[in-house]
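> coords below, sequence missing:
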């Protein structure tokens, strides 16, 4: 198998140099490229999402539904949403450049990846109110109001993006993530081609800034508890780390871009019906 | 409804100008951007696909299976594949610029789209052999060998790409393509958010070049029949036109890019198991 890996790596080196040659890309000298067009398209999507979220208080209702249907621990009262801010700025992608992957993993060494800087300065806030129920020594001995407000105010980091052609097994959602990826099964039997997948992850030096306030206590004596802020912040940081910070990455299966009748849309300019029946 | 459309269009104009301002993009003055990084990533995927297709004659076998299982008309003998060329060059995307959509369609006027030039010079060939069976006046009166070879040698055109946030109804695969798209249902009831979709189409002035040869007749007297070439060429051109040439477009639902545990992969550099259990 080590021999097979070596052969595969050699194939990869030859093939990457051909790819770079035929796409006129010299990794050493090519200047980084702008992604202003991409920023516009992404901003338009986010803007649409925000209009819809605001239009009918969609976001509030879904969050509220989610919180109502989540089983809470004994010591917490019902959670009430006090604050939602969905931001009004957009992520800025820039400085895109192709590099050889320095990971020697199951996907093969030396693959070509795009590195992209991402910067988002915006305020995304969720504020909630609840009560801490103290059930000892007996039920409802006391209840302590809690008011929490968490804002993400800044995210910046270097994003690594690549595309792979992957077999179906790669997309198994069972926790087999750590097994070797069967991109090439040696027996010529089943040629399951699962299509293309997008891989992305953030460099470990990403920056994520929060503003968290936590007030606990009776109305007359509210108190900020830094420990709670710290707890929430580290939970959120772990969430990001565990999912998409190197060496972890997100693998997302992309749909086929092959033009198909069922994906065809389009009316004539005058608003006439399409004539797609023939 | 016309009033609603007007309000929507006005909203759109305000929102597009905000988007352009916040992403620092001036449609009038911004120079077009390169997509060299994208060409590399796409080329890598195509190259991988080709290796797999060649490795086990995958493509030949799947085409052969497909042809064997396709019900052919009475007058055609079994089809034999004589030639497959999968090309060895890559598409080059370039000259990417943001423009206001000039379509006043169900998706709203003035949306922002990216225009991208695409050029592919490569040879993709399929060659087949079969026999024309002449069953009149009686069964197997005669059989006429046919040999066909179709190559696509050039494709170039201007690609329009955009992203929309779309409700689920938009993705209905039934032939409801021509109905108005319910991006905004007026009653605040169901807020089906189907996620983001990619839209793409080619300008009508695209260029598609073929090389087709069709030989018919007994071995001693093979004859090229231009009419058959013409028939095949127009069938292929229609196929493209009907799917992805303006005003037709392809609408492809994209998966969510939100980091999720089930999409998380990643081994440590030394090949150790991941520790994603916590």
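That came through fine. Everything numeric here is computed off the predicted structure, so don't read it as measured data. Numbering: from 1, shown residues only, chains lettered A, B, ... in the order given.
> what's across from the nearest residue to residue A:45 once chain neighbours are set aside in the sheet?
Closest residue to residue A:45 apart from its sequence neighbours, by CB to CB, 6 or more residues apart in numbering or on different chains: residue B:163 at 4.7 Å. Backbone N, C-alpha and C define where each C-beta goes, glycine included. Per DSSP bridges, the residues bridged to residue B:163 are residue B:198.
> In three-state terms, label residue A:12 for me.
Following DSSP: H, G, I helix; E, B strand; the rest coil, the label given to residue A:12 is helix.
> Next up, the contacts around the residue nearest to residue A:45.
Contact analysis of residue B:163 by CB atoms under 8 Å, 6 or more residues apart in numbering or on different chains lists A:41-42, A:44-45, B:196-199, B:254.
> Going by neighbour count, which of the residues you listed comes out on top?
For the contacts of residue B:163, counting by other CB atoms under 10 Å in any protein chain shown, the largest number of neighbours falls to residue A:44: 25 neighbours.
> Just name the shakiest helix or strand of chain A by mean pLDDT.
Ranked by mean pLDDT, DSSP states H and E, the helix or strand of chain A with the weakest confidence is strand A:223-224, at a mean of 72.
> Tell me the helices and strands packed up against it.
When contacts are defined as 3 or more CB pairs under 8 Å, 6 or more residues apart in numbering or on different chains; DSSP states H and E, strand A:223-224 sits against strand A:207-216.
> Quick check: buried residues in the strand it packs on?
By neighbour count on 16 or more other CB atoms under 10 Å in any protein chain shown, the buried set for strand A:207-216 is A:208, A:212, A:214-216.
> where's residue A:114 relative to residue A:94, distance?
12 Å (CB to CB, to the nearest Å).
> what does residue A:228 give?
Per CB to CB, residue A:228 is found 36 Å from residue A:94.
> same check, this time on residue A:207
15 Å.
> tell me what the helix or strand encompassing residue A:65 is packed against?
Taking DSSP states H and E as the criterion, residue A:65 maps to helix A:58-69. Packing contacts for helix A:58-69, counted by 3+ CB pairs under 8 Å, 6+ apart, involve strand A:80-86.
> who does the strand it packs on pair up with?
With DSSP bridges as the test, strand A:80-86 pairs up with strand A:112-134 (antiparallel).
> buried set for the partner strand?
Within strand A:112-134, the residues scored as buried using 16+ other CB under 10 Å are A:112-118, A:120, A:122, A:125-131, A:133.
> what mean pLDDT would you report for it?
Strand A:112-134 carries an average pLDDT of 93.
> ok and it relative to strand A:207-216, angle-wise?
Inter-element angle recorded for strand A:112-134 and strand A:207-216: 10 degrees (by axes from the mean of the first three to the mean of the last three CA atoms, to 10 degrees).
> Strand A:112-134 versus helix A:58-69: what angle between them?
Angle, strand A:112-134 to helix A:58-69, by the same axes, to 10 degrees: 50 degrees.
> pLDDT (mean, whole number) over the helix holding residue A:65?
Helix A:58-69 comes out at a mean pLDDT of 86.
> Residues contacting it, please?
Here helix A:58-69 makes contact (CB under 8 Å, 6+ apart) with A:52-53, A:78-79, A:81, A:84, A:86, A:126, A:128, B:191, B:193.
> So which of those residues sits lowest on pLDDT?
residue B:191 (38).
> where does the closest residue in space to residue A:101 that isn't next to it in sequence fall, phi/psi-wise?
Leaving out its chain neighbours, the residue that sits closest to residue A:101 by CB to CB, 6+ apart is residue A:111, at 4.5 Å. Taking degrees, to the nearest 10, you get phi -60, psi 160 for the backbone angles of residue A:111.
> Also residue A:145?
Dihedral angles for residue A:145 - degrees, to the nearest 10 - are phi -60, psi 140.
> Might one say that it is in contact with residue A:133?
No. Contact between residue A:145 and residue A:133 fails when scored by CB atoms under 8 Å: they sit 10.8 Å apart.
> Can you list the buried residues in the helix holding residue A:65?
A:59, A:63.
> Ok, stretch A:230-244 next?
Buried-residue list, stretch A:230-244, by 16+ other CB under 10 Å: A:233, A:240-244.
> What are the contacting residues of that stretch?
Against stretch A:230-244 from outside (CB under 8 Å, 6+ apart): A:148, A:150, A:152, A:200-202, A:206, A:208, A:210, A:212, A:214, A:248, A:250, B:259-261, B:263-264, B:276, B:278.
> I'd like the distance from that stretch to the chain centre, please.
Distance, stretch centre to chain centre, for stretch A:230-244: 13 Å (CA atoms, centre = their mean, to the nearest Å).
> same check, this time on stretch A:24-35
26 Å.
> Quick check: buried residues in it?
Using 16+ other CB under 10 Å as the test for burial, stretch A:24-35 gives A:25, A:30, A:33-35.
> ok, and which of those residues reach chain B?
Among the buried residues of stretch A:24-35, the residues within reach of chain B (CB under 8 Å from any CB of the partner chain) are A:25, A:30, A:33-35.
> export these to CSV and tack on pLDDT?
CSV is the format used below for those (pLDDT from 0 to 100):
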residue, pLDDT
A:25, 97
A:30, 97
A:33, 98
A:34, 98
A:35, 98
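> Residue A:11 and residue B:51 touch, don't they?
Yes. Using CB under 8 Å, residue A:11 is in contact with residue B:51, at 7.3 Å.
> Pairing partners for the residue nearest to residue A:110 when sequence neighbours are not counted in the sheet, please.
In space, not counting the residues next to it along the chain, residue A:110 is nearest to residue A:100; the distance is 5.0 Å by CB to CB, 6+ apart. Here residue A:100 sits in beta bridges with residue A:112, going by DSSP bridges.
> quick one, what contacts residue A:100?
Applying CB under 8 Å, 6+ apart to residue A:100 gives the contacts A:16, A:27, A:110-113.
> Skip the chain neighbours and tell me the closest residue to residue A:143.
For residue A:143, ignoring the flanking residues on the chain, the nearest one in space by CB to CB, 6+ apart is residue A:131 at 4.4 Å.
> contacting residues for the one you found?
Here residue A:131 is in contact with A:76-77, A:143-146 (criterion: CB under 8 Å, 6+ apart).
> In ChimeraX, select just the buried ones from those residues.
A single ChimeraX command is used to select the members of those judged buried by 16+ other CB under 10 Å:
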select /A:146
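> Take the contacts of residue A:131 and lay them out in TSV including secondary structure, distance to residue A:68 and pLDDT.
As requested, those are exported to TSV (DSSP: H, G, I helix; E, B strand; the rest coil; distance: CB to CB, whole Å; pLDDT from 0 to 100):
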residue	secondary structure	distance to residue A:68	pLDDT
A:76	strand	13	85
A:77	coil	12	87
A:143	strand	19	83
A:144	strand	21	85
A:145	strand	19	88
A:146	strand	18	88
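> Looking at the contacts of residue A:131, which one is closest to residue B:137?
The nearest member of the contacts of residue A:131 to residue B:137, counting by CB to CB, is residue A:76 at 88.4 Å.
> Run a quick check on that closest one versus residue A:129, I expect a contact.
No. If you go by CB under 8 Å, residue A:76 and residue A:129 don't touch, sitting 11.3 Å apart.
> separation between the residue nearest to residue A:13 when sequence neighbours are not counted and chain B?
Nearest non-adjacent residue to residue A:13, counting by CB to CB, 6+ apart: residue A:110, 5.7 Å away. For residue A:110, the distance to chain B equals 11 Å [CB to the nearest CB, to the nearest Å].
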